[in-house]
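Colleague: Give me coordinates for this.
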Amino acid sequence: MNFDLGLEGRRALVTGGTKGIGGAVVATLHAAGADIAATARSLPVTPLNKVHYIVADLTTADGCAIAASEALERLGGIDIIVNVLGGSDAPAGGFAVADDAVWQSELNLNLMSAVRIDRALLPTMIANGSGVIVHVTSIQHQLPLPDSTTPYAAAKAALSTYSKSLSKEVTPKGIRVVRISPGWVETEAATALVHRLAAQAGTDYDGGKRIIMNALGGIPLGRPARPEEVADLIAFVASSRAGAISGTEFVIDGGTIPTT
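Modeller: The predicted model follows:
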């Protein structure tokens, strides 16, 4: 059986496309033959051949406008948007230390970047009568960690709600909208965190991983997901093989959320 995803020549914009899940998505789509524009705040050390890198700060309205305009100019149109950009810089300490600036920063990074990119590029998709938008959310919108990630979790919950509503509006116009909700993923940033926790606890890397897994209530799979595994799922839902899938959320967390 031929399981070609049919991504050859498809034009894709990937936000946050140089590290972690975003970098893995770019590599996976690139290997499948897609024509890709990837956004980042700085160029990667080892850029992929024929990937169009766009340096822009998507936490701002101007940065999103620049990225969308350059993507359309370089690719000549957009078939797939993968909104990966996200993260949290909120300090530990719970609600009391999350002031307005922290909340606004988390919302701009995790929600408004996707809203603004979609808003800029959807008219082209609607005119063509086809397209796919993938929003990368997080299981933290169901399983927040109150010490430091409440604003991040709330922003991802808002992204999930926005994504569902958008799917109802634009799926009848030929644009599928899908959510991918990862649990803990062993990205470069996650690896650095494990090393820091391990050093603080006087243990090794595996011990540091157990600290994080215990904080999440355990991962039945026994390990975090790998960026490439998340990227493979995204490539599938963005492909014609998933042509009847829209408006739904796929959780990839090794069983962390016990009720889904």
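Colleague: Mind telling me which residue is nearest the centre of this structure?
Modeller: Val84 (2.3 Å; Cα atoms, centre = their mean).
Colleague: residue ranges for the strands of the stretch 1-150 of the chain, please.
Modeller: 11-15, 35-40, 52-55, 80-83, 131-136 (DSSP state E, counting those that start in this stretch).
Colleague: Okay, buried residues for the third one please.
Modeller: Just to be clear, that refers to strand 52-55. Within strand 52-55, the residues scored as buried using 16 or more other Cβ atoms under 10 Å are His52, Tyr53, Ile54. In this view, the C-beta of every residue, glycine as well, is placed from N, C-alpha and C.
Colleague: who's in contact with that strand?
Modeller: For strand 52-55, the external contacting residues (Cβ atoms under 8 Å, 6 or more residues apart in numbering) are 17-18, 35-44, 47, 66-67, 70-71, 74-75.
Colleague: quick one, which residue of this structure lies the farthest from its center?
Modeller: Gly202 (32.5 Å).
Colleague: Not counting its neighbours along the chain, what's nearest Val185?
Modeller: Closest residue to Val185 apart from its sequence neighbours, by Cβ to Cβ, 6 or more residues apart in numbering: Ala225 at 4.8 Å.
Colleague: Please apply the same query to Arg179.
Modeller: Closest to Arg179 by Cβ to Cβ, 6+ apart is Glu249, at 3.9 Å.
Colleague: What pLDDT is listed against Met1?
Modeller: We have a pLDDT of 47 for Met1.
Colleague: Wait, the residue nearest to Arg179 touches Ile180, no?
Modeller: Yes - with contacts counted by Cβ atoms under 8 Å, Glu249 reaches Ile180, the gap being 7.5 Å.
Colleague: okay, the two: which has more neighbours?
Modeller: The neighbour count for Glu249 versus Ile180, taken as other Cβ atoms under 10 Å, is higher for Ile180 (25 against 15).
Colleague: show me what contacts the more buried one?
Modeller: Per Cβ under 8 Å, 6+ apart, neighbours of Ile180: Val134, His135, Val136, Thr137, Val230, Leu233, Ile234, Val237, Glu249, Phe250, Ile252.
Colleague: Whichever of the contacts of strand 52-55 end up buried, select them in PyMOL.
Modeller: Selection of buried members from the contacts of strand 52-55 for PyMOL, criterion 16+ other Cβ under 10 Å:
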select buried, resi 17+18+35+36+37+38+39+40+66+67+70+71+75
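Colleague: All good on my end, thank you.
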